[in-house]
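>>> sequence unknown, structure follows:
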């Protein structure tokens with residue numbers, strides 16, 4: 001049997017992790033633990049510069065092929081007699097469907113955080129309110145004299 005000594009600061013690190021878990025949750029604690037492990041690994045290799053980024057092979061993601069532009073869009077089909085588009089002649093359109101009215105959809109507010117409420121005005125004491133009323137009255141009288 002031999003003694004197994006603990007590294008310096010082991011219990012304080014575990015206490016910090018428990019404190020983080022209770023304060024921010026599991027994800028934050030796991031992220032902190034990973035960061036500490038990476039820093040410990042960086043200290044073990046003194047020749048490694050922690051500011052350098054490892055260069056790996058570039059992964060090229062192929063883009064999805066785009067769909068071809070259809071000759072008729074789905075919203076145009078009710079206006080056509082035969083539901084097919086070629087050279088559209090005057091007789092091929094359903095003229096009864098075409099009106100002078102234009103449909104304007106309701107504008108939708110973009111998703112955003114609500115603006116913070118405006119700051120509350122300062123509460124003035126009675127003497128300050130009296131002084132302010134006097135100054136405003138004198139200013140009105142002065143404007144009336146001009």
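The structure has been received and is ready for your questions. If you're wondering where the values come from, they're calculated on a predicted model, not measured in any experiment. Residues are numbered from 1 along each chain as shown.

>>> identify each buried residue in the helix or strand of the chain with the lowest mean pLDDT, please.
Sorting the helices and strands of the chain by mean pLDDT, DSSP states H and E puts helix 26-44 at the bottom, at a mean of 77. Residues of helix 26-44 classed as buried by neighbour count (16 or more other C-beta atoms under 10 Å): 29, 32. C-beta: built from backbone N, CA, C; applies to glycine.

>>> just the residues contacting the next helix or strand after it, thanks.
Using DSSP states H and E, the next helix or strand after helix 26-44 towards the C-terminus is helix 126-145. Helix 126-145 has contacts (C-beta atoms under 8 Å, 6 or more residues apart in numbering) with residue 124.

>>> pLDDT on helix 126-145, on average?
For helix 126-145, the mean pLDDT works out to 93.

>>> do you know how far the residue nearest the centre of the chain is from residue 118?
Nearest to the geometric centre of the chain sits residue 112, at 7.8 Å (C-alpha atoms, centre = their mean). According to C-beta to C-beta, to the nearest Å, residue 112 and residue 118 sit 17 Å apart.

>>> mind pulling up the pLDDT for the residue nearest to the centre of the chain?
Residue 112 is assigned a predicted lDDT (pLDDT) of 83.

>>> list the contacts of stretch 2-21.
With C-beta under 8 Å, 6+ apart, stretch 2-21 has contacts from 28-29, 32-33, 36.

>>> let's go with 6 Å and repeat that
28-29, 32 (C-beta atoms under 6 Å, 6 or more residues apart in numbering).

>>> now, which of the residues you listed sits nearest residue 79?
Minimum distance to residue 79 across the contacts of stretch 2-21 is 57.0 Å, recorded for residue 28 (C-beta to C-beta).

>>> what's near enough to touch that closest one?
By C-beta under 6 Å, 6+ apart, the neighbours of residue 28 are residue 20.

>>> circling back: tell me the contacts of the residue nearest to the centre of the chain?
No residues are in contact with residue 112 under the rule C-beta under 6 Å, 6+ apart.
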